[in-house]
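Q: Quick one: sequence and predicted model below, then my questions.
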Protein chains: 2
Amino acid sequence: MKEKATSFDIAYKAGVSQSTVSRALRNSPLVNEATREKIQAIAKELNYKVDKNASNLRSQQSDTIALLLFADPTNDDSDINPFFLSMLGSITRACAKKGYDLLVSFQQASDDWHADFEDSNKADGLILLGYGDYVDYEEKLIKLLDQGTHFVRWGAEVKNLPLISIGCDNHQGGIEMTEHLIKKGRTKLAFLGSASSHAPEFFDRYKGHCQSLKDNGLVVNQALQFNALYTEEAGYQAACKLIAGGEPFDAICAACDLIAIGAMRALQEHGISIPEQVALVGFDDIAVASFTFPALTTVKQDTQLAGELLVGTLLDLISGEEVKTTLIPPELVIRKSCGNEL
Amino acid sequence: MKEKATSFDIAYKAGVSQSTVSRALRNSPLVNEATREKIQAIAKELNYKVDKNASNLRSQQSDTIALLLFADPTNDDSDINPFFLSMLGSITRACAKKGYDLLVSFQQASDDWHADFEDSNKADGLILLGYGDYVDYEEKLIKLLDQGTHFVRWGAEVKNLPLISIGCDNHQGGIEMTEHLIKKGRTKLAFLGSASSHAPEFFDRYKGHCQSLKDNGLVVNQALQFNALYTEEAGYQAACKLIAGGEPFDAICAACDLIAIGAMRALQEHGISIPEQVALVGFDDIAVASFTFPALTTVKQDTQLAGELLVGTLLDLISGEEVKTTLIPPELVIRKSCGNEL
DNA sequence: CTGAAAGCGCTTACAG
DNA sequence: CTGAAAGCGCTTACAG
């Protein structure tokens, strides 16, 4: 392994000062055109790369963003919700586009947060992503805020905290999934997903669901709501309870696609046909959704837009610009699980 | 935002020298117990975090690994094969376990590689992951080798290059998927997936497939092999060609699950029943595989083990230990797409 | 066990 | 447009 070249080596070869090399390599307009070209040629020849540790140390910025992905602690961590994996992909791409590197870290909600990333100057800012018990997070978020850490989170808007969030308009999404079912002639709609402030995204979807029910002259039947968190298994369990409960239903709104897929399994095991006997709508539009049988009608969250907004907003925040919490409009993707399209 | 504390601030407060602070914070045995505790308490109180840029610059190591994920350039980059996303997850976890940070970067196969990560001292080593045209990669791999970069790749073993790879035993996997079909009484097996050195993983699976055919007294019918790369769409196209080709077949080996899923769609569109008329096996065992209809029998690659091996091997390599290319044994996961279990 | 000092490789005022 | 010099915040010989 060869010794790594430094800017001094280049300076020596080029017959200029090290300062000039540094400037030339960063395309400073202060450097003479010809000098710059010469220096860059030598740098290339020597396979020189700026030492990031040195340059970051000196300039006190890292051009790196850290992504903290929270896994549901009830989950064994081998399965991350595919929705978040998809977000990870779009965030990575958005960072690359802006010339930032991305440090990825999976966290347990219970962990001591590695908010150190910014404190230790490894990252200029943080993106927080993942479901989890919001109530548990809150104090940590406040701590981050206190420390003056630059961060943006994915999720439901929080009213009384000056948090910058990018999230889906879950309330609107809840309305759309419900509306669609009602238009299909369903009247006894169940909702599978936790309805509490511990899971604000789901709660918002549920509230949208309830509002749509009311707007369409239907009543909210508490006996048709069952809690479930994030997983296929939870969806399966909730659907089993729903079936066992005996309360008649002809449609299910699932708070996320994984829950919908679990519900699908439960329905199939009980010989209940989809969509003939029970129509089903999910939320997220993960890749799997188009491969289930029948293909799942769902509310899509635009992960690409989300990634760009998350990164863009964080960078604005870091550079001291005015930023604000943004809601992304959901989009109903109609497939087969609620009957054929009209 | 408060000023960040430095080790000098702590030294001042503790009434010791900065060197001692540095030692105490790294739990050096050279420091007196009481002194260390005092220093650590002050550090905590001041919310002090070691500046990684400074410490990395000085110690010339970063405790960071970079993961380069290659996207198939023919793909619009919004979809990364879920198999790699799953690998990403397991690698992230393996890094965390070892106390390393992970820098993630998506690359186009055509890009100038950011092998800079190591050159620029941002990472101590690289993990290379992703399908792509191997032939295109080769010269870049050689360049990495020449530079003395520490890296480990996921994929098929390469014979004439001193590359360290971690990969699945694709040949064995090809045998197992084929054997299973033959045991189910199928005799006219098609193979969907590129059979060329441009896609060595697929090629190895194909070779295993052919060998199994021969071992069981069946002939390899070239008319039943169709090229396809990595995607659902490619699988769909290949299956359509297979069907249109007119050569009779009663089973399909798909080189990856996405291809299998595409083939499934083609078969269903043509009114061909699975598994009655045609049995189907995939490769990878992505999460979707258990949600298709019928559920997909497939050859599982153990991503968790893969992640641990990739990270562990890379760290060994960095610390100068002897390392070697390792093959992970595949595992057949039997579901419904080849008929009910015996 | 502790401290004074050098130095990792850059960027950036400052002076010309 | 260019150079000499300071300094980012640590770690690590070196000396005691």
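A: Received the coordinates, thanks.
Q: wait, doesn't A:Leu128 sit right on A:Val152?
A: Yes: A:Leu128 sits in contact with A:Val152 when judged by Cβ atoms under 8 Å, with a separation of 7.3 Å. Quick note: C-beta positions are derived from backbone N, CA and C, even for glycine.
Q: the helices in the stretch 51-200 of chain A, which residues?
A: If DSSP state H, counting those that start in this stretch is used as the criterion, the helices of the stretch 51-200 of chain A fall at A:52-59, A:82-98, A:116-119, A:134-147, A:170-183, A:200-215.
Q: Is there proximity between the third one and DNA strand D?
A: No: Helix A:116-119 does not reach DNA strand D (Cβ under 7 Å from any atom of the strand); its nearest approach is 9.7 Å.
Q: For chain A, which residues are neighbours of DNA strand C?
A: So chain A meets DNA strand C at A:4-8, A:18-19, A:22-23, A:25-26, A:48, A:50-51, A:54-55, A:57-59 (Cβ under 7 Å from any atom of the strand).
Q: Quick one, which of those are buried?
A: Among the residues of chain A next to DNA strand C, those classed as buried by 16 or more other Cβ atoms under 10 Å in any protein chain shown are A:4-7, A:22-23, A:25, A:48, A:50-51, A:54-55, A:57.
Q: Among the residues you listed, which pair sits farthest apart?
A: The largest separation in those, counting by Cβ to Cβ, is between A:Lys4 and A:Arg23 at 20.4 Å.
Q: ok, back up a step: would you list the buried ones among the residues of chain A next to DNA strand C in TSV and tack on pLDDT and distance to DNA strand D?
A: Listed next are those as TSV, based on pLDDT from 0 to 100; distance: Cβ to the nearest atom of the strand, whole Å:
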residue	pLDDT	distance to DNA strand D
A:Lys4	77	16
A:Ala5	85	17
A:Thr6	89	12
A:Ser7	88	10
A:Ser22	91	8
A:Arg23	92	6
A:Leu25	89	12
A:Tyr48	87	17
A:Val50	89	13
A:Asp51	90	11
A:Ala54	92	7
A:Ser55	91	8
A:Leu57	91	4
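Q: quick one, strands of chain A?
A: A:64-71, A:101-108, A:125-129, A:151-154, A:165-168, A:189-192, A:225-226, A:251-254, A:279-284, A:297-300, A:326-328, A:331-333 (DSSP state E).
Q: could you dump those strands to a markdown table with mean neighbour count, mean pLDDT and distance to DNA strand D?
A: A markdown table is the format used below for those (neighbours: other Cβ atoms under 10 Å in any protein chain shown; pLDDT from 0 to 100; distance: least, Cβ to the nearest atom of the strand, whole Å):
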| stretch | mean neighbour count | mean pLDDT | distance to DNA strand D |
| --- | --- | --- | --- |
| strand A:64-71 | 25 | 86 | 16 |
| strand A:101-108 | 22 | 82 | 19 |
| strand A:125-129 | 24 | 91 | 18 |
| strand A:151-154 | 25 | 93 | 21 |
| strand A:165-168 | 24 | 94 | 31 |
| strand A:189-192 | 28 | 98 | 50 |
| strand A:225-226 | 22 | 97 | 51 |
| strand A:251-254 | 31 | 98 | 49 |
| strand A:279-284 | 29 | 97 | 42 |
| strand A:297-300 | 26 | 97 | 45 |
| strand A:326-328 | 18 | 94 | 33 |
| strand A:331-333 | 15 | 96 | 46 |
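Q: would CSV of those with distance to B:Phe84 be doable?
A: Converted to CSV, the strands of chain A look like this (distance: least, Cβ to Cβ, whole Å):
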stretch, distance to B:Phe84
strand A:64-71, 16
strand A:101-108, 14
strand A:125-129, 19
strand A:151-154, 22
strand A:165-168, 25
strand A:189-192, 30
strand A:225-226, 35
strand A:251-254, 27
strand A:279-284, 20
strand A:297-300, 22
strand A:326-328, 26
strand A:331-333, 24
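Q: Would you mind telling me which of those is nearest B:Leu102?
A: strand A:101-108 (5.2 Å).
Q: does any part of the closest one sit near chain B?
A: Yes: interface with chain B: strand A:101-108 contributes A:Asp101, A:Leu102, A:Leu103, A:Val104, A:Ser105, A:Phe106 (Cβ under 8 Å from any Cβ of the partner chain).
Q: Equivalent analysis for stretch A:32-47, please.
A: Yes: counting by Cβ under 8 Å from any Cβ, contacts between stretch A:32-47 and chain B involve A:Asn47.
Q: Check the gap between the closest residue to DNA strand C within the stretch 101-250 of chain A and B:Gly185 for me.
A: Residue nearest to DNA strand C within the stretch 101-250 of chain A (Cβ to the nearest atom of the strand): A:Asn121, separated by 12.1 Å. Remark: distance between A:Asn121 and B:Gly185 (Cβ to Cβ, to the nearest Å) = 64 Å.
Q: Same question for A:Gly185.
A: 46 Å.
Q: do the same with A:Ala41
A: 67 Å.
Q: Over to A:Ala96?
A: Taken as Cβ to Cβ, the span from A:Ala96 to B:Gly185 is 50 Å.
Q: How is chain A divided into domains?
A: Domain assignment of chain A by automatic domain parsing yields the ranges A:7-50, A:64-168+A:303-328, A:170-300.
Q: Kindly check the end-to-end length of the second one for me.
A: Which is domain A:64-168+A:303-328. Across domain A:64-168+A:303-328, the terminal residues are separated by 25 Å (Cα to Cα, to the nearest Å).
Q: Then the shortest one?
A: Using Cα to Cα, one end of domain A:7-50 lies 8 Å from the other.
Q: quick revisit: pick the most deeply packed of the domains of chain A.
A: domain A:170-300 (a mean of 21; mean count of other Cβ atoms under 10 Å in any protein chain shown).
Q: Near DNA strand D, which residues of the stretch 51-200 of chain A? Just list them.
A: So the stretch 51-200 of chain A meets DNA strand D at A:Ala54, A:Leu57, A:Arg58, A:Gln60 (Cβ under 7 Å from any atom of the strand).
Q: Could you list which of those also contact chain B?
A: Restricting these to those near chain B - Cβ under 8 Å from any Cβ - leaves A:Ala54, A:Leu57.
Q: any idea which of the residues of the stretch 51-200 of chain A next to DNA strand D is the one closest to chain B?
A: A:Leu57 (3.9 Å; Cβ to the nearest Cβ).
Q: Could you report the neighbour count for the nearest residue to that closest one once chain neighbours are set aside?
A: Nearest in space to A:Leu57, with sequence neighbours left out and distances taken as Cβ to Cβ, 6 or more residues apart in numbering or on different chains, is B:Asn53 at 3.9 Å. By other Cβ atoms under 10 Å in any protein chain shown, the residues close to B:Asn53 number 25.
Q: got a list of what B:Asn53 touches?
A: B:Asn53 makes contacts with A:Lys52, A:Asn53, A:Ala54, A:Asn56, A:Leu57, A:Ser62, A:Asn121, A:Lys122, as judged by Cβ atoms under 8 Å, 6 or more residues apart in numbering or on different chains.
Q: Give me the below-cutoff pLDDT ranges for the stretch 101-250 of chain A.
A: A:108-115, A:131 (pLDDT under 70).
Q: Show me which residues of it sit near chain B.
A: Checking the stretch 101-250 of chain A against chain B by Cβ under 8 Å from any Cβ, the hits are A:101-106, A:116, A:119-122, A:147-148.
Q: Among those residues, which pair sits farthest apart?
A: A:Phe106 and A:Gly148 (24.8 Å).
Q: Just want the residue of the stretch 51-200 of chain A that's nearest DNA strand D.
A: A:Arg58 (3.5 Å).
Q: Which pLDDT does the model give that residue?
A: Note for A:Arg58: predicted pLDDT of 91.
Q: Same question for the one 3 residues further on.
A: On pLDDT, A:Gln61 comes in at 85.
Q: surely it meets A:Asp124?
A: Yes: the criterion here is Cβ under 8 Å, and A:Gln61 meets it with A:Asp124 at 5.6 Å.
Q: what's stretch A:58-69 in contact with?
A: Contacts for stretch A:58-69 (Cβ under 8 Å, 6+ apart): A:52, A:56, A:80, A:84, A:88, A:91, A:95, A:99-107, A:113-114, A:117-118, A:121-130, A:311, A:314, B:53, B:92, B:103.
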